[in-house]
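>>> how does the following fold in three dimensions:
(chains A and B)
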There are 2 protein chains.
Amino acid sequence: MSDLKNDRFLKALMRQPVDRTPVWMMRQAGRYLPEYRAVRSQAGDFMSLCKNTELACEVTLQPLERYEMDAAILFSDILTIPDAMGLGLYFETGEGPKFRKPVRTAADIEGLQVINTASDLAYVTDAVSMIRRELNGRVPLIGFSGSPWTLATYMIEGQSSRDFARAKTMLYTQPELMHQLLDKLALSVIDYLNAQIRAGAQAVQIFDTWGGALSHAAYAEFSLAYMQKIVAGLIRHYDGRDVPVILFTKGGGQWLEAMADTGCQALGLDWSTDIAAAKRRVGDRVALQGNMDPAVLRADAATIEHQVDAILAGFGGGPGHVFNLGHGITPDIDPDNVKVFIDAVHKFSKKY
Amino acid sequence: MSDLKNDRFLKALMRQPVDRTPVWMMRQAGRYLPEYRAVRSQAGDFMSLCKNTELACEVTLQPLERYEMDAAILFSDILTIPDAMGLGLYFETGEGPKFRKPVRTAADIEGLQVINTASDLAYVTDAVSMIRRELNGRVPLIGFSGSPWTLATYMIEGQSSRDFARAKTMLYTQPELMHQLLDKLALSVIDYLNAQIRAGAQAVQIFDTWGGALSHAAYAEFSLAYMQKIVAGLIRHYDGRDVPVILFTKGGGQWLEAMADTGCQALGLDWSTDIAAAKRRVGDRVALQGNMDPAVLRADAATIEHQVDAILAGFGGGPGHVFNLGHGITPDIDPDNVKVFIDAVHKFSKKY
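Now for the predicted structure:
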């Protein structure tokens, strides 16, 4: 594969010096872009888009055509693994993901098979390979997966949830059963991310969207322990390069030290965390990615620039910062404001 | 008024020694109790119950008949202030609170009057007086209010929200307007809580349910600053006793030091915070209240007891702990499990 023309993102994750702070956005290939909406309506429903290699590749590259992004991220869904396990993922308009066959009983969990990505999720690795070819070394490609706990919440609830009543009931009343489920998921995620790495993903991110709903102790036992198992099981050097791993627990700002102990290269921060305090806490152990509130992108250019500069100043220069939002960009954002944001990161970061 | 027979709760808030850890539950007068549901159906809708002095008093006392609680909390809603400002609060079944006239423009905000509790919210102070009489010194009575930021989110969105799109847009694009709204709300909350204190509330809690949705910097400027203003404006000594103030920001575990700096007596902790770490961070400046995940109440007795003991052990004895859940009890909980919980706090806390 061709050499990377822009390796700012990978260098920053490895805490090496860069000329300016690299930037990408969670959900950067998404509904705020009219060209995305056009492809989406062509593909039909959301999962059909994920499973169409050419179209998934096309939407992955769209934001790079508009903005000076320093990384691409595979266009896919976090729930591909439970879908491959046979739970029947579908999307109802305006309601988020749902499963036709949620997992509720011991028999349900015993019946689940650890996935084999090569056979069950070839559409994902095919997309990774095609995106790498099409990128042609322009920027690195990020692969990703949901965390075991986050996948488990959707699998047990059957859909999004505010309080995770069923998942937490299982966690507290049948912890062994929950561990059995999480272990199958962790093994599946290892297989899935390693397949993405072999197909060409140059970094991987684990999205622990719902880890922040857990108590301090339950987070350590039921979410972080399985992310640690995944980090230990990943291919960390491939094709002549290190493959950095980013852990992102939304609402996990209190647990950064423990997250850094997993051996990952970088932590994603949501906007509730002061990046200056985070840097003091984790020291030189990991890079930090984040952490602007996506709501700032609804403001005027001067406000966006001010908020970008405040985060850069908070980090205070030196190696190990990847700029990002604290969560995914929302569909209502004006694409012109994204340009202001991306350009501001590059412009202001030179002074630090 | 009669002397207090059980002042464990007030003593713990003032960090004085107690024989066993006091306990109460957020939303302890609520739908998990069949006797509450009976009164609620008699009253009609939720706000009719809040506005009926006798029935509000009756449901406030209900949990004390069943359990050895160490405090009562006024039965009311956090949105009484915006309702009194004329926004037209109503509840749709299964959808949470809504406002007929949300606040969206500068003219809307300029038109709002700081409330006068004596005339606008007499039903609340009447309930406080009656509950104090009926309690007859059995346990202390807690008054409460929503925080300015939390009230503002409902007033602007017109209902509950996942991402507070309108409120955050105002915060980032028209910060002066947001400050104008928050200032009117802070003055209203001061008037409201002081009226509750004069009517007999022996401690007050400020519920900042949505402060955790803000960035680190925005929390300090748009939520905490107004809670600090309230703390500074409250009657802190009344009827021969100190009146302790509890601040509770859900999702605010990263900001405990700043919260303790407001001059409040205690911080409420949700379950994401390790209470041992919280105690190290705030030292002897404030008491801590919390912090069991309400989901634990769905488990068996042994699990509930184990989780109670783990939190007591985390706090590790000494003055300044009020046991509570990390958020309100949910309607699906078996009342028998609440008895296990309350009894476990009293039983196990003696050994620390």
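>>> mean confidence for stretch A:94-112?
For stretch A:94-112, the mean per-residue pLDDT is 94.
>>> please save the CA atoms from that stretch in CSV.
Extracted in CSV, the C-alpha atoms of stretch A:94-112 (Å, rounded to 0.1, in the frame of the first residue of the first chain):
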residue,chain,number,x,y,z
GLY,A,94,-36.4,8.7,14.4
GLU,A,95,-36.1,5.9,17.0
GLY,A,96,-32.6,4.7,16.6
PRO,A,97,-31.4,1.1,16.4
LYS,A,98,-33.6,-1.9,17.4
PHE,A,99,-33.1,-5.7,17.5
ARG,A,100,-35.8,-8.1,16.5
LYS,A,101,-34.4,-10.8,18.8
PRO,A,102,-33.0,-9.2,22.0
VAL,A,103,-31.0,-11.3,24.4
ARG,A,104,-32.8,-11.8,27.7
THR,A,105,-32.1,-15.3,29.1
ALA,A,106,-29.3,-17.7,29.9
ALA,A,107,-30.3,-19.8,26.9
ASP,A,108,-30.2,-16.7,24.6
ILE,A,109,-26.6,-16.0,25.8
GLU,A,110,-25.4,-19.6,25.6
GLY,A,111,-26.7,-19.7,22.1
LEU,A,112,-24.6,-16.8,20.9
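>>> hmm, that stretch touching chain B?
No - under the criterion of CB under 8 Å from any CB of the partner chain, stretch A:94-112 makes no contact with chain B; the nearest approach is 10.4 Å. Heads up, the C-betas are built off the backbone N, CA and C, glycines and all.
>>> what does the stretch 151-300 of chain A put close to chain B?
Within the stretch 151-300 of chain A, the positions adjacent to chain B are A:163-165, A:168-169, A:171-173, A:212, A:214-219, A:251, A:253-254, A:271-274, A:277, A:292-293, A:295-296, A:298-300 by CB under 8 Å from any CB.
>>> any of these buried? List them.
Neighbour counting with 16 or more other CB atoms under 10 Å in any protein chain shown marks A:164-165, A:168-169, A:171-172, A:212, A:214-216, A:218-219, A:251, A:253-254, A:271-274, A:292-293, A:295-296, A:298-299 as buried within those.
>>> can you flag which of these belong to strands?
residue A:292 (DSSP state E).
>>> give me the phi and psi for the residue nearest to residue A:292 when sequence neighbours are not counted.
In space, and not counting its chain neighbours, residue A:292 is closest to residue A:325: 5.3 Å by CB to CB, 6 or more residues apart in numbering or on different chains. In terms of degrees, to the nearest 10, the main-chain angles of residue A:325 are phi -80, psi 170.
>>> now do the contacts for residue A:325.
Shown in contact with residue A:325 (CB atoms under 8 Å, 6 or more residues apart in numbering or on different chains): A:25-26, A:271, A:290-294, A:297.
>>> go with 10 Å
A:23-28, A:268, A:270-271, A:289-297, A:333, A:338, A:341 (CB atoms under 10 Å, 6 or more residues apart in numbering or on different chains).
>>> what does residue A:227 give?
By CB under 10 Å, 6+ apart, the contact set of residue A:227 is A:147-150, A:186, A:189, A:206, A:208, A:211, A:245, A:247-249, A:259, A:262, A:264.
>>> mind running it again at 8 Å?
For residue A:227, counting by CB under 8 Å, 6+ apart, the contacting residues are A:147-148, A:206, A:208, A:247, A:259, A:262, A:264.
>>> how near is residue A:324 to residue A:201?
17 Å (CB to CB, to the nearest Å).
>>> isn't residue A:144 up against residue A:78?
Yes - Residue A:144 is within contact range of residue A:78, at 7.4 Å (criterion: CB atoms under 8 Å).
>>> between the two, which is the more surrounded one?
residue A:144 (21 against 17; other CB atoms under 10 Å in any protein chain shown).
>>> let's verify the closest residue to the more buried one other than its chain neighbours: helix, strand, or coil?
In space, and not counting its chain neighbours, residue A:144 is closest to residue A:205: 4.6 Å by CB to CB, 6+ apart. Secondary structure for residue A:205, judged by DSSP: H, G, I helix; E, B strand; the rest coil, is strand.
>>> hmm, residue A:205 is touching residue A:140, no?
No - counting by CB under 8 Å, residue A:205 does not reach residue A:140; the two are 12.0 Å apart.
>>> looking at the two, which is more packed in?
Per other CB under 10 Å, whichever of residue A:205 and residue A:140 has more neighbours is residue A:140, with 27 against 24.
>>> phi and psi next, for that one.
phi -70, psi 160.
>>> ok, it - contacts?
A:4, A:6-7, A:9-10, A:71-72, A:202-203.
>>> mind putting those into JSON lines with neighbour count and secondary structure?
JSON lines is the format used below for the contacts of residue A:140 (neighbours: other CB atoms under 10 Å in any protein chain shown; DSSP: H, G, I helix; E, B strand; the rest coil):
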{"residue": "A:4", "neighbour count": "17", "secondary structure": "coil"}
{"residue": "A:6", "neighbour count": "16", "secondary structure": "coil"}
{"residue": "A:7", "neighbour count": "19", "secondary structure": "coil"}
{"residue": "A:9", "neighbour count": "28", "secondary structure": "helix"}
{"residue": "A:10", "neighbour count": "25", "secondary structure": "helix"}
{"residue": "A:71", "neighbour count": "25", "secondary structure": "coil"}
{"residue": "A:72", "neighbour count": "26", "secondary structure": "strand"}
{"residue": "A:202", "neighbour count": "27", "secondary structure": "coil"}
{"residue": "A:203", "neighbour count": "25", "secondary structure": "strand"}
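>>> what sits against the spatially closest residue to residue A:51 that is not a sequence neighbour?
Excluding its sequence neighbours, the residue lying closest to residue A:51 (CB to CB, 6+ apart) is residue A:123, at 4.7 Å. Counting by CB under 8 Å, 6+ apart, residue A:123 touches A:50-53, A:56.
>>> hang on, the earlier thing: which of the contacts of residue A:227 lies closest to residue B:135?
residue A:208 (45.0 Å; CB to CB).
>>> so what pairs up with the closest one in the strands?
residue A:249 (DSSP bridges).
>>> tell me the confidence at residue A:233?
Value listed for residue A:233 in the pLDDT field: 98.
>>> in space, what's closest to it - neighbours in sequence excluded?
In space, and not counting its chain neighbours, residue A:233 is closest to residue A:190: 3.9 Å by CB to CB, 6+ apart.
>>> could I get the phi/psi values of that neighbour?
According to degrees, to the nearest 10, residue A:190 has phi -60, psi -50.
>>> I'd guessed it sits against residue A:230; true?
Yes - if you go by CB under 8 Å, residue A:190 and residue A:230 touch, sitting 5.5 Å apart.
>>> looking at the two, which one has more neighbours?
Set residue A:190 next to residue A:230 and count neighbours by other CB under 10 Å: residue A:230 wins out with 26 against 20.
>>> and that one, how far from chain B?
22 Å (CB to the nearest CB, to the nearest Å).
>>> which residues in the stretch 101-250 of chain A form strands?
Assigned by DSSP state E, counting those that start in this stretch, the strands in the stretch 101-250 of chain A fall at A:141-146, A:203-208, A:237-238, A:241-242, A:245-249.
>>> quick one: the first one to chain centroid distance?
Going back to what we said before, that points to strand A:141-146. Averaging C-alpha positions (CA atoms, centre = their mean, to the nearest Å) puts strand A:141-146 6 Å from its chain's average.
>>> tell me the mean pLDDT for it?
98.
>>> and if you look at the fourth one?
Predicted confidence along strand A:241-242 averages 95 (mean pLDDT).
>>> strand partners (parallel or antiparallel) of that strand?
strand A:237-238 (antiparallel).
>>> as a markdown table, the contacts of residue A:140 with pLDDT and distance to residue A:60 would be great.
Listed next are those as a markdown table, based on pLDDT from 0 to 100; distance: CB to CB, whole Å:
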| residue | pLDDT | distance to residue A:60 |
| --- | --- | --- |
| A:4 | 94 | 17 |
| A:6 | 97 | 16 |
| A:7 | 96 | 19 |
| A:9 | 98 | 15 |
| A:10 | 98 | 17 |
| A:71 | 98 | 11 |
| A:72 | 98 | 6 |
| A:202 | 98 | 14 |
| A:203 | 98 | 14 |
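>>> thanks a lot, see you next time.
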